[in-house]
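1. compute the structure for the input listed below.
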Amino acid sequence: MIPVGLADWWVGVPREHFFENVDGEVQEIVREALGLLGELGAEVEEISLPHIAEASAAVSAIMLPEALAYHQRWLAERPQEYGDDVRERLETGLTYLAV
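-> Numbering: from 1, shown residues only. The predicted structure follows:
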């Protein structure tokens, strides 16, 4: 359910990275949704996240070891129950010294 008014809402739309490598139809739908939020009273404005490209490395350094820590026992005992893509990502977590 959409609230009737969004006067207390603030929506920041990153200039960098947000619309890169996105399907044109998806971009159009997101822009329409942002317009609707604005019409409902939300303050929608572009923001700058100049270091957003570096976030991917930080996410990997945190997420992969945490995921591996959770799945490590099952991965060792039942690796065949994981899809190749998931197993590969989890095994990449071994390259970090967090586990």
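2. give the buried residues for stretch 84-99.
-> Neighbour counts over stretch 84-99 (16 or more other CB atoms under 10 Å) mark Arg89, Leu90, Gly93 as buried. The way it works is simple: take the backbone N, C-alpha and C, and place the C-beta from them, glycine included.
3. what's the mean pLDDT across that stretch?
-> What stretch 84-99 shows for mean pLDDT is 87.
4. and it, how far from the chain's centre?
-> Distance, stretch centre to chain centre, for stretch 84-99: 19 Å (CA atoms, centre = their mean, to the nearest Å).
5. please enumerate the strands of the chain.
-> Applying DSSP state E to the chain gives strands spanning 10-14, 43-47.
6. how much does the last one deviate in direction from strand 10-14?
-> In this case it means strand 43-47. If you take axes from the mean of the first three to the mean of the last three CA atoms, to 10 degrees, strand 43-47 sits at 30 degrees to strand 10-14.
7. quick check: mean pLDDT of strand 43-47?
-> 96.
8. and it, what does it pack against?
-> strand 10-14, helix 24-39 (3 or more CB pairs under 8 Å, 6 or more residues apart in numbering; DSSP states H and E).
9. can I get the last one in CSV? Just the C-alpha atoms.
-> Extracted as CSV, the C-alpha positions of helix 24-39 are listed here (Å, rounded to 0.1, in the frame of the first residue of the first chain):
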residue,chain,number,x,y,z
GLY,A,24,16.7,0.7,-20.7
GLU,A,25,13.2,-0.6,-19.7
VAL,A,26,14.3,-1.0,-16.1
GLN,A,27,15.8,2.4,-16.0
GLU,A,28,12.6,3.9,-17.4
ILE,A,29,10.4,2.1,-14.8
VAL,A,30,12.7,3.3,-12.0
ARG,A,31,12.6,6.9,-13.3
GLU,A,32,8.8,6.7,-13.5
ALA,A,33,8.7,5.4,-9.9
LEU,A,34,11.0,8.2,-8.7
GLY,A,35,8.7,10.7,-10.5
LEU,A,36,5.7,9.2,-8.7
LEU,A,37,7.4,9.4,-5.4
GLY,A,38,8.1,13.1,-6.1
GLU,A,39,4.4,13.7,-7.0
